[in-house]
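Engineer: Coordinates for the following, if possible.
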Amino acid sequence: MNTTIQTHMNNRNVQIGNICIQFTHLELLLAQAIWSALDLTEKAGLSVTGRLDIEARAKLAVEICEERGKPDSVINELKNVRKELQASRIIERRNQAVHGHRFSDPDNPAAELVVVHRGKNAGAKIKRADNELAQLGKDIAALHKPLMEAMTTAKMTY
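Structural biologist: Model prediction:
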């Protein structure tokens, strides 16, 4: 395999790893918002949130934090996360990055072709540039960083 293609493939693998880490951190913060609002231990909290996907966690976190009178800063960030998950298509983009079957683009080493095997686009072949993966990681981090700050200030992290 040519060195340029290999370098780009390695970069994409690193970016996909970053996307997974950023997404997992966001999922954890949403779970912790629920656990904290309900005054649960981590072990008990896992029983409540362990099987919820990220959309369900975001919805439940907003509802419970509003019901329990948690700080507006936390509620506003939770609402923003919930809104941006949809508006920015973060879940769909993350699933394509993580679950798609990837091939190098023969015409452009800085891109790849992805065959999607999950969701509404199953079977579709999508061309994706390296910078799109990097941007997705940044978009997810942009959601969890302000939420983390608001929750830390409110003493809602574990």
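Engineer: Please count neighbours and contacts with C-alpha atoms only from this point.
Structural biologist: Fine.
Engineer: and Asp107, how many neighbours does it have?
Structural biologist: A total of 8 residues lie near Asp107 under the criterion other C-alpha atoms under 10 Å.
Engineer: confidence score at it?
Structural biologist: Model confidence at Asp107, given as pLDDT, is 89.
Engineer: Are we agreed that it is in a helix?
Structural biologist: No - assessed with DSSP: H, G, I helix; E, B strand; the rest coil, Asp107 is coil; it does not lie in a helix.
Engineer: Which parts of this structure are helices?
Structural biologist: 3-37, 42-49, 54-67, 72-87, 90-99, 130-153 (DSSP state H).
Engineer: can you give me the angle the shortest one makes with helix 3-37?
Structural biologist: Meaning helix 42-49. 100 degrees (axes from the mean of the first three to the mean of the last three C-alpha atoms, to 10 degrees).
Engineer: And the contacts of helix 42-49?
Structural biologist: Under the contact criterion C-alpha atoms under 8 Å, 6 or more residues apart in numbering, helix 42-49 has outside partners 31-32, 34-35, 57, 158.
Engineer: Could you tell me which of the residues you listed count as buried?
Structural biologist: Among the contacts of helix 42-49, those scoring as buried are 31-32, 34-35, 57 (criterion: 16 or more other C-alpha atoms under 10 Å).
Engineer: can you name the two of the residues you listed that are farthest apart?
Structural biologist: With C-alpha to C-alpha as the measure, no two of these lie farther apart than Trp35 and Arg57, at 10.8 Å.
Engineer: re earlier: pick out the lowest-pLDDT one from the contacts of helix 42-49.
Structural biologist: The minimum pLDDT among the contacts of helix 42-49 falls on Tyr158, with 88.
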